[in-house]
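Asker: let's see this in three dimensions:
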Amino acid sequence: MTIDPGAKQKLEPWTSFADSEDIPDWIANAYIESYRGPRGDKPGATETGETGPADPADMVTPAMLRAHYRLGECRPERGSCVCVHSADDPEGFGPALQVVTHHGSMLLDSVTVLLHRLGVAYAGIMAPVFDVHRSPTGDLLSIEPLAPGASQFDGEAWIYVPLSPSVDSKALAEVERLLAQSEIEGLGATALRDYARRLQQGLGGLHELLVATYFEMEPSVETALLST
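Answerer: Numbering: from 1, shown residues only. Here you go, the predicted model:
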């Protein structure tokens, strides 16, 4: 599947989607193609081994998009919009985390590091990047695919994280608090600096190589680092 960069759309509220057939292909494909598992796992495997959706396409529902659209209707410049949906959320797709923020090179790593540190298991992450135009006060004016050749870091990341049904509510509340009150990328940068310092103290010159390949590590090594 590919995202048609020419699929310029007038702003049609995603809240109007009643059925999956109502979702435009360019929106559905943007989410599906951005999917990544907790550690590159096959779709459906969470960190706890619980079963999640069998296919990333199953995660892209009208209810999820309605909630994401409402969250992103107003975002102050350089700010982040964050919402946690509990397992009993009336929209029916919780537990889940949704974020709308300016995209950056360490954004996803920052989110995943934070989830790991707080022990929040997730089934996968979708982080489509859109070309978004807003008013001076942050109101949403248009949302479209990125133009051909445009840097992904010029757009907004609309992050959706379906979580494990057994997620700890206190840990999830802390995730929401930290993401809402902090520069998201700064959270990841701080954590990686901490790991680098620990590795440098224990492993000498190997620390730079290990940190550079942090997300390629064996799960047992990663778990050991995160628990120190």
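
Asker: pretty sure Val161 is touching Ala96, no?
Answerer: Yes - look at Val161 against Ala96 with CB atoms under 8 Å: they come within range, at 6.2 Å. All C-beta atoms are positioned from the backbone trio N, CA, C, and that covers glycine.

Asker: backbone dihedrals for Ala173, both of them.
Answerer: phi -60, psi -40 (degrees, to the nearest 10).

Asker: which residue is the nearest non-sequential neighbour of Ser142?
Answerer: His133 (4.6 Å; CB to CB, 6 or more residues apart in numbering).

Asker: helix, strand, or coil at that neighbour?
Answerer: strand (DSSP: H, G, I helix; E, B strand; the rest coil).

Asker: count of neighbours near it?
Answerer: By other CB atoms under 10 Å, 13 other residues sit near His133.

Asker: mind listing the strands for this structure?
Answerer: Assigned by DSSP state E, the strands in the chain fall at 81-85, 96-102, 129-134, 140-145, 156-162.

Asker: quick one: closest of the ones you listed to Leu65.
Answerer: Checking those against Leu65 by CB to CB gives strand 156-162 as the closest, at 9.0 Å.

Asker: can you check what angle separates that closest one from strand 129-134?
Answerer: Here strand 156-162 points in a direction 120 degrees away from that of strand 129-134 (axes from the mean of the first three to the mean of the last three CA atoms, to 10 degrees).

Asker: shaky segments in the protein?
Answerer: Counting by pLDDT under 70, the ranges of the chain that qualify are 1-12, 39-54, 181-228.

Asker: give me that answer again for 50
Answerer: For the chain, the stretches flagged by pLDDT under 50 are 1-10, 40-53, 185-192, 195-196, 199, 203-228.
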